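Enquirer: Need coordinates for the following:
(one chain, ligands or ions: 1)
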Amino acid sequence: MNTIQTDVCVLGAGPGGVATALQLHELGIPCVMVDKAVFPRDKICGDAISGKVVYALNRIDKSIVPEFVERNDIKVDCWGVSFIFSKGREIKVPLKPDLSEKLIKEQTPSGFVAKRMDFDNFMIDVARKRDLIDIIENCNISKIVKTENGFELTSKDGKTHIKTKLLIGANGAHSKFMREFGNIHKDPEHYAGSVRGYYKNVTGFNQFNFIELHYLKEFLPGYLWVFPLPNGQANVGVGMRSDLISKNKVNLKDDMIRLLKEHPRFKERFKDAELVGKLQGFGLPLGSKKRKLSGDNFMLIGDAASLIDPLTGEGIGNAVISGRFAALHAQKCLEADNFSSEFMDAYDKMVYDKLWDELKVSYRLQKGLLKPWMVAFTTRVLANNKQFGEVLSAMFSDVDLRKKLQSPKFYFNLIFNRK
Ligand SMILES: Cc1cc2nc3c(=O)[nH]c(=O)nc-3n(C[C@H](O)[C@H](O)[C@H](O)COP(=O)(O)OP(=O)(O)OC[C@H]3O[C@@H](n4cnc5c(N)ncnc54)[C@H](O)[C@@H]3O)c2cc1C
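Expert: Take a look at the predicted model:
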């Protein structure tokens, strides 16, 4: 057995784990990062990488995004979002004003779509180049024991044993560690189920690669998405709150296949479409409820901390943001030699100070989508409202502008002072 002693261990090398490790490296702190997978590996996701991810990565290391921008082999540049409601009412939200062929040649896009197989592999390759990050792949941690001085982790094959003062739980939505030590359990009202498939030969995409969010009565307050990918493929899926899946007895896979075949909005576009591989399901722990994110000698980040936006289903950005905060707090723990639960409270505060306002707003809007009359009224009023378009655009590209959505004055102006 290989026994490793470290101050900081990051469990999981998804975008959250890698962001943590990269920020630790920037601070001059070595870490061991373990993952059960061997990269490249798939992660079931919509594959949309929003402006929030770009913003968060830039806070860690400004060289990462420009490197990714060059990778046209693995991503498409996304210049906008289309929200499509009942009766085909569409709100198109360009992520840059005055979008044109000329502009997209000159500017850096605000978002991308890349298969997680490729994006996560790109990220781990960035981490591989940092000498303070020790990456151990193919290491499925099956036993975690709390000790007086931290944690001891053992892999399922018994070959790896890690002793760490501080454990950063970045092992995603199905994290056992989050349940055992974080006491965070699946709450169907604050959790979503989903399926995702890759298709080829889908037609009818927007020329600027807008991602499409289709709000259909079958899945409200969730949606069916169609996101363009490189090489003519598309990521297609549906997500819906788990309590409503059970209550309405929804079969996400069957309903999605049926709608793609029969719904007037999709049947022409999908008539020659072929599924590449299988439709696969995965959970989304939503951040619509505050939780304790840390304890003695540990912090949880990303999906392990249940930080997915309850309206958009976006989680990569919050995984990177919380990962960065965990690294910043790890530095304080090491300096003070204090790993107590009380000391970790400052990490929880940092995360929720940054994210809670927008998570709260997203949750309110998510609940609003459960009222069909409100959706019909709002989409009719707002379909051509420029200011609303700008705010929706901000939700995907500019984190701080989400705060606008909290002001009643904003809604008043939106409806009564239409531009
Ligand atoms: C269907 C679907 C669509 C989504 N669409 C989007 C989208 O378009 N955009 C967006 O921003 N977000 C989206 N999300 C959310 C997004 O996928 C997650 O929020 C994001 O992956 C969280 O990153 P993470 O690093 O916290 O966890 P993960 O990406 O899940 O990484 C966790 C890592 O931990 C490893 N691990 C797990 N257990 C162990 C173990 N025992 N030992 C060792 N390693 C372990 C895993 O192998 C994995 O590499 C979607 C989610 C789903 C399910």
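
Enquirer: Just to check, residue 319 is in contact with residue 13?
Expert: No. Using C-beta atoms under 8 Å, residue 319 makes no contact with residue 13, being 11.5 Å away. Every C-beta, even on glycine, is put in place using the N, C-alpha and C of the backbone.

Enquirer: Around the ligand, which positions in the stretch 151-300 of the chain sit nearby?
Expert: Where the stretch 151-300 of the chain comes near the ligand, counting by C-beta under 6 Å from any ligand atom, the residues are 170, 171, 172, 173, 194, 196, 237, 239, 282, 284.

Enquirer: Check whether the nearest residue to the last one once chain neighbours are set aside sits in a helix, strand or coil.
Expert: Of all residues not flanking residue 284 in the chain, residue 192 sits nearest, at 4.1 Å (C-beta to C-beta, 6 or more residues apart in numbering). Classification of residue 192 using DSSP: H, G, I helix; E, B strand; the rest coil returns strand.

Enquirer: does residue 192 have beta-bridge partners, and which?
Expert: residue 241, residue 284 (DSSP bridges).

Enquirer: Now for it, how many residues are close by?
Expert: Neighbour count of residue 192, defined by other C-beta atoms under 10 Å: 26.

Enquirer: repeat for residue 276
Expert: Neighbours of residue 276 under the rule other C-beta under 10 Å: 12.

Enquirer: Pull out the buried positions in the helix or strand harbouring it.
Expert: Element membership for residue 276, per DSSP states H and E: strand 274-285. Buried residues in strand 274-285, counted by 16 or more other C-beta atoms under 10 Å: 279, 282, 283, 284, 285.

Enquirer: hey, where'd the helices end up in the protein?
Expert: Per DSSP state H, the chain carries helices over the ranges 15-26, 51-60, 64-69, 101-106, 116-128, 176-180, 242-247, 252-262, 316-336, 341-368, 372-382, 386-397, 408-416.

Enquirer: show me the contacts for residue 237.
Expert: Shown in contact with residue 237 (C-beta atoms under 8 Å, 6 or more residues apart in numbering): 46, 194, 195, 196, 197, 224, 225, 256.

Enquirer: Please apply the same query to residue 16.
Expert: Shown in contact with residue 16 (C-beta under 8 Å, 6+ apart): 170, 301, 302, 303, 304, 319, 320, 322, 323.

Enquirer: ok, now with 10 Å
Expert: The contact partners of residue 16, by C-beta atoms under 10 Å, 6 or more residues apart in numbering, come to 10, 168-172, 300-305, 307, 315-316, 318-324, 326.

Enquirer: any idea how far it lies from the ligand?
Expert: Applying C-beta to the nearest ligand atom, to the nearest Å, the value for residue 16 to the ligand is 3 Å.

Enquirer: ok, now residue 359?
Expert: Look at residue 359 and the ligand: by C-beta to the nearest ligand atom, they are 13 Å apart.

Enquirer: Leaving out chain neighbours, which residue sits closest to that residue?
Expert: residue 287 (4.4 Å).

Enquirer: Give me the pLDDT value at the one you found.
Expert: At residue 287, the model reports a pLDDT of 97.

Enquirer: Dihedrals phi and psi, it?
Expert: Per-residue torsions, residue 287: phi -90, psi 30 (degrees, to the nearest 10).

Enquirer: burial of it, as a residue count?
Expert: Neighbour count for residue 287, taken as other C-beta under 10 Å: 27.

Enquirer: Same check on the one 4 residues further on?
Expert: Using other C-beta under 10 Å, residue 291 is surrounded by 20 other residues.

Enquirer: and if you look at residue 62?
Expert: Residue 62 is flanked by 9 other residues according to other C-beta under 10 Å.

Enquirer: what's near enough to touch it?
Expert: If you count contacts by C-beta under 10 Å, 6+ apart, residue 62 has none.
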